[in-house]
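Asks: Give me the fold of what follows.
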Amino acid sequence: DGNGIIVGGLGNSVGIAGGITVNGQVQASSNGASATGIRIGAAATVPEIRNAGVIDVLGKTATGIAVDVSGTLPAVRNSGTIRATASATTGSATAIIDRSGTLVLVENSGAILATGAAADSARNVAIDLTANGTGATVRQTAVAADKTAPSISGDILFGAGNELLDIADGTMAGLASFGTGNNGLTLSGDAAYAGKALFGAGDDAMALSGTAVFSGTADFGGGTDTLTMSGTSAFTGSFANSGGLGVVLNGGTLDLAKGTVALRSLSIGSAGVLGVTLDSTNHSSTLFLVSGDASFAAGSKIAVRLTGIADAEGRYSFLQAGSITGTSNLATANTALPFMFKSSIVATAPTQLAIDITRKTTTELGLNRSQASAYNAIYQALTKDSKVAGVFLNTLDGDAFRKQVRAMLPDHAGGTFEMVTMGARALAGF
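Replies: Okay, here's the model as predicted:
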């Protein structure tokens, strides 16, 4: 096995009162075996490791920083790079692992990376705190605008207790797995999270603010949980085990995949946008089932997205709730709706809401006389040609729409209006 630095682990107590500071490089490598950059052994006490340099480890089992059972390391602060790379896809990479249960704070303004193992193996682990039974915090801090944004690549594994993952800047890519406590995930600034958040059965809180973005799946574990969004933040993806979840959209956009979404409560403020996907093929939509109250402030919006053009017209139920407050305040934001359609919100019952999709008239579309006379034939052709329909499905503004209509008309030299050439004509505009 290869080791860069080892503190303790030989039977006697060892203490480094001022901690360990790395400003240069710590490297360790092993050919087909284990390698560790910095190991805090049994009976060793180090108050913190502060890395402003590079800790770089390569091996079949690669570990950047390891704390052994009976070792002590309360904090790791990284402004440089901690990188563990598995030398084979069958290996494992762990940037930071605590087996002692004493590591309660990991603070990152640099890069923490675990790579090299097979992508679907769960063996690329950025931070492993599963031995901690009292609660821990992983915090990614904001850096100056002229500095490289911080990043964590790899899974973060928490133990028991109340845990917090706070991403104030940069990126996080991977799984964050929380334990059984009341846990928190906070994204702020321009933080971007891509992956999965897996909460336990406690009462968990997730918050997005600023321009932060979460892309992936949040599994809320079935507790009495909350998701709060503000600013222009965005959540795109899906929920799991969300029946106890209360959602508050003070601002930002919540855009979930089509299917059924169970919630405890839903509150959309004046700057909040709720995304709804309408499946025109199966005539179904994202359906929010809210056991409690769903409330809408003046200015709240529903962003409508269609999956196809054929048979798109009709009524789509998207919300059922124990009670609904402020239905008249709710409007559709057609920024994601194909320009050729319009939408409206209808209360089909006191506790049920639906979206009506209809075609715009030729006047609403801004078509001239020749375009208007041919439009019905064009529309029917679109329902039979998925490639051309896809062009119109992604055409969201009037000028681009009318350009596509013109491309499907005969020229003025007497050419015939041939449906068979419509695809080539429409696509020729790009």
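Asks: buried ones in stretch 349-358?
Replies: Of the residues in stretch 349-358, 353, 354, 355, 357 count as buried by neighbour count, 16 or more other C-beta atoms under 10 Å. To be clear about C-beta, it is placed using only N, CA and C from the backbone, and glycine gets the same treatment.
Asks: can you list contacts of it?
Replies: Stretch 349-358 has contacts (C-beta atoms under 8 Å, 6 or more residues apart in numbering) with 276, 278, 285, 302, 304, 306, 312-324, 327, 330, 332, 341-348.
Asks: Please repeat the previous calculation with a cut-off of 10 Å.
Replies: Stretch 349-358 has contacts (C-beta atoms under 10 Å, 6 or more residues apart in numbering) with 276, 278, 280, 285, 288, 290, 293-294, 296, 302, 304, 306, 312-324, 327, 330, 332, 337-338, 341-348.
Asks: so of those, which ones are in strands?
Replies: Of the contacts of stretch 349-358, the ones assigned to strands by DSSP state E are 276, 278, 285, 288, 290, 293-294, 296, 302, 304, 306, 314-324, 332, 341-348.
Asks: Show me how to select, in PyMOL, the buried members of those.
Replies: If you want just the buried ones from these in PyMOL, going by 16+ other C-beta under 10 Å, the selection is:
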select buried, resi 276+278+285+288+290+293+294+296+302+304+306+316+317+318+319+320+321+324+332+341+342+343+345
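Asks: Just flag the most distant two among the buried residues of stretch 349-358.
Replies: Distance extremes for the buried residues of stretch 349-358: the farthest pair is 353 and 357 at 14.0 Å, using C-beta to C-beta.
Asks: and whichever strand or helix holds residue 380, what does it pack onto?
Replies: Residue 380 belongs to helix 369-382 when assigned by DSSP states H and E. Contact analysis of helix 369-382 by 3 or more C-beta pairs under 10 Å, 6 or more residues apart in numbering; DSSP states H and E lists strand 352-359, helix 362-365, helix 386-393, helix 398-407, helix 422-427 as its packing neighbours.
Asks: can you do 6 Å?
Replies: Of the remaining helices and strands, none touches helix 369-382 by 3 or more C-beta pairs under 6 Å, 6 or more residues apart in numbering; DSSP states H and E.
Asks: start at 23 instead
Replies: From this message on, residue numbering opens at 23, which makes the last subject helix 391-404.
Asks: Show the average pLDDT along it.
Replies: For helix 391-404, the mean pLDDT works out to 92.
Asks: Only C-alpha atoms, please: export that helix in CSV.
Replies: The C-alpha coordinates for helix 391-404 follow below in CSV (Å, rounded to 0.1, in the frame of the first residue of the first chain):
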residue,chain,number,x,y,z
ARG,A,391,-54.5,36.0,-45.9
SER,A,392,-52.6,33.3,-47.8
GLN,A,393,-51.1,31.9,-44.6
ALA,A,394,-54.5,31.8,-42.9
SER,A,395,-56.1,30.0,-45.8
ALA,A,396,-53.5,27.3,-45.7
TYR,A,397,-53.1,27.0,-42.0
ASN,A,398,-55.7,24.2,-41.3
ALA,A,399,-54.0,22.0,-43.9
ILE,A,400,-50.6,22.8,-42.4
TYR,A,401,-51.8,21.9,-38.9
GLN,A,402,-53.2,18.5,-40.1
ALA,A,403,-49.9,17.8,-41.8
LEU,A,404,-48.1,18.4,-38.6
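Asks: Give me the distance between it and the centre of its chain.
Replies: Centroid separation for helix 391-404 versus its chain: 40 Å, with C-alpha atoms, centre = their mean, to the nearest Å.
Asks: repeat for stretch 277-284
Replies: Centre-to-centre, stretch 277-284 and its host chain are 14 Å apart (C-alpha atoms, centre = their mean).
Asks: got the buried residues for it?
Replies: By 16+ other C-beta under 10 Å, the buried positions in stretch 277-284 come out as 277, 278, 280, 283, 284.
Asks: Then stretch 377-394?
Replies: Buried residues in stretch 377-394, counted by 16+ other C-beta under 10 Å: 377, 379, 381, 382, 384, 387, 389, 393.
Asks: Next: stretch 35-44.
Replies: 36, 41, 42, 44.
Asks: Extract the CA atoms of it and return them as CSV.
Replies: What follows is stretch 35-44, C-alpha atoms only, in CSV (Å, rounded to 0.1, in the frame of the first residue of the first chain):
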residue,chain,number,x,y,z
SER,A,35,-1.1,8.7,21.6
VAL,A,36,0.0,11.4,19.1
GLY,A,37,-1.3,15.0,19.0
ILE,A,38,-0.6,17.8,16.6
ALA,A,39,-1.9,20.9,18.4
GLY,A,40,-1.9,23.2,15.4
GLY,A,41,-3.3,20.8,13.0
ILE,A,42,-2.0,20.0,9.5
THR,A,43,-1.6,22.6,6.8
VAL,A,44,-0.9,21.6,3.2
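Asks: among the buried residues of stretch 35-44, which are in strands?
Replies: Reading strands off the buried residues of stretch 35-44 with DSSP E, I get 36, 42, 44.
Asks: of those, closest to residue 418?
Replies: residue 44 (50.8 Å).
Asks: measure that closest one to residue 232 for me?
Replies: Distance of residue 44 to residue 232, computed by C-beta to C-beta, to the nearest Å: 31 Å.
Asks: so what's residue 184 up against?
Replies: 157, 203, 204 (C-beta atoms under 6 Å, 6 or more residues apart in numbering).
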